[in-house]
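J.: Provide a 3D model corresponding to the input given below.
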Amino acid sequence: MAGTMVMMAGMIFVVICMAIDFFLAIGAGIFVGLCLLPLLLKDKFGRNGLQRGTARVAWWRGKSAGKHIYRSGVLGRTPYGTCQLPGLAAASSLAQFHDAHNRPFAMVSLPSLNHHTVVISCDADGASLVDTDQVDTWVAHWGHWLASLAHEPGLVAASVTVEAAPDPGSRLSAEVHGHLHPEAPPLARQVLEQIVDNYPAGSALLTTQIALTFSGAARGSAPRRDVDQMAEEIGARLPGLTSGLAMTGAGAARPMTAGDLAETVRVAYDPSVAALVAEGRTAGGTGITWDDAGPVATEEFWSHYRHDGAWSKVWFMGEAPRGEVFSNVLTSLLLPHPDVTRKRVSLLYRPHDPASAARIVENDRKDAMFQAQQAAVAAARDSVAVRAAEQAAQEEATGAGLVRFGMIVTATVMDRNDLPKADAVVENLSTPSRIQLRPALGSQASAFAAGLPIGIVLPNHLRVPQAIREAM
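T.: Have a look, this model is predicted:
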């Protein structure tokens, strides 16, 4: 739409100039053509020159103002010497409540958007040595659970975060020594000690969190709700949401407490304290609060992000896999790698309400059919798009949900010289998944925060509305 608007305005301008002078009209036509050129030149991700140039200018302005540097703690600028989260999550707050089953759960609140997020911790079963029929059952129930999110009042987004990190071995040590009998035979004791010392070496720890973000804005006849009202409403729904994950392969699903969530965010910003946090958890708790969960210092660069003693690079999903997508499409991308200290893959979902879903699938169906009819011989890709659009419309008409989805991949290393290795690893792992990843150039800090399970919904934080950005 932006290109069409510029072209129409340019044609009117050229006609006016032609009424004045012919050579002036030629110059005006050249000027309009140069203005249209950045809108016509697009990269493989569909971004035109205007979008890339705008990102460069915004990055330069932010860096000139010093917004790429963050300092907290005693010598920082945060209130009372705290280590609050930087960037989009700076104004967030964390509180703990109890759900209908009297389970404690943490709720992250963003006052600027009146968004409230709860995080569910899952012990995913994995697909190793599992029958294909069982995997198909998990996939079907997962699709049903995602479709049901569209019927949750006030739910604006959901995310699934899978993080692969080295296993410090603290849990194994605490489990073994907690059950070791004082009068155990020396041989058995020696074997267990060797297991505790050797087993964690080279092993990885996979964690899964599901974040659900609700809006407390006025909805219909319901007035705007505050934190306590949202906690009461979410607490009543939380048992149903966690029980719905039982048949999806998510394993034991339980809400995360305030301490668990604060520790997770703290380790994400400073992986060097992961072993200490694991030892503190086995000892009864670390005492980390939300005010101390953030980093002491960060510095954002054009293509990477430095936070405390670690370096990270973040990618967005530039294009989803084409063709048929099977249940193991993300296996290679989720697996740990020795060249990456911590790797976090976040799947972002924003469900459409039933009314919007019906309108969107019908429009997509009409657009696909119109595109296929433009050529005398339809291209193979156009024919596939028509069949996919028709199938989506039929499934939506029979009760299926429509969900917007995206992906954020974060690779963290402890040395800046290891960033090229991490870059190559992520690109190699994404190739078998048929997913095109695009580096989050100029927005590494925001993308890093959005990849955490704390409910950052990026489209709601854009200065330029999403509808205008899509039209450019």
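J.: separation between residue 286 and residue 187?
T.: Per Cβ to Cβ, to the nearest Å, residue 286 is found 36 Å from residue 187. For glycine as for every other residue, the C-beta is placed from the backbone atoms N, C-alpha and C.
J.: higher neighbour count, these two?
T.: More crowded of residue 286 and residue 187, by other Cβ atoms under 10 Å: residue 286, with 19 against 8.
J.: Next up, phi/psi of that one, please.
T.: Residue 286 has phi and psi values of phi -100, psi -20 when expressed as degrees, to the nearest 10.
J.: Equivalent analysis for the one 5 residues further on, please.
T.: Backbone dihedrals for residue 291, given as degrees, to the nearest 10, come out at phi -70, psi -20.
J.: what's the closest non-adjacent residue to it?
T.: Excluding the flanking residues, the one nearest residue 291 by Cβ to Cβ, 6 or more residues apart in numbering is residue 82, at 4.0 Å.
J.: Local confidence estimate at residue 472?
T.: On pLDDT, residue 472 comes in at 56.
J.: Heading C-terminal from the helix or strand where residue 423 lies, find the next helix or strand.
T.: Assigned by DSSP states H and E, residue 423 falls within helix 419-430. For helix 419-430, the following helix or strand on the C-terminal side (DSSP H and E) is strand 436-439.
J.: buried ones in that next one?
T.: Within strand 436-439, the residues scored as buried using 16 or more other Cβ atoms under 10 Å are 436-437, 439.
J.: So residue 300 is in contact with residue 86, correct?
T.: No. Checked against Cβ atoms under 8 Å, the pair residue 300 and residue 86 is beyond contact range at 9.1 Å.
J.: can you list residues touching both of those two?
T.: residue 445 (Cβ atoms under 8 Å, 6 or more residues apart in numbering).
J.: counting contacts, what elements does the helix or strand that contains residue 448 pack onto?
T.: If you go by DSSP H and E, residue 448 is part of helix 444-450. Applying 3 or more Cβ pairs under 8 Å, 6 or more residues apart in numbering; DSSP states H and E, one finds that helix 444-450 contacts strand 297-300, strand 305-307, strand 310-319, strand 403-413.
J.: Parallel or antiparallel, list what pairs with the second one.
T.: This points to strand 305-307. strand 297-300 (antiparallel), strand 310-319 (antiparallel) (DSSP bridges).
J.: picking that back up, turn the helices and strands packed on helix 444-450 into CSV, columns for mean neighbour count.
T.: As requested, these are arranged in CSV below (neighbours: other Cβ atoms under 10 Å):
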stretch, mean neighbour count
strand 297-300, 19
strand 305-307, 22
strand 310-319, 22
strand 403-413, 21
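J.: Pull the helix holding residue 448 out as CSV, backbone CA atoms only.
T.: Only the C-alpha atoms of helix 444-450 are listed here, as CSV (Å, rounded to 0.1, in the frame of the first residue of the first chain):
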residue,chain,number,x,y,z
GLN,A,444,19.2,-7.5,19.9
ALA,A,445,18.3,-6.3,23.4
SER,A,446,14.5,-6.2,22.7
ALA,A,447,14.7,-9.6,21.0
PHE,A,448,16.6,-11.1,23.9
ALA,A,449,13.9,-10.0,26.3
ALA,A,450,11.1,-11.2,24.0
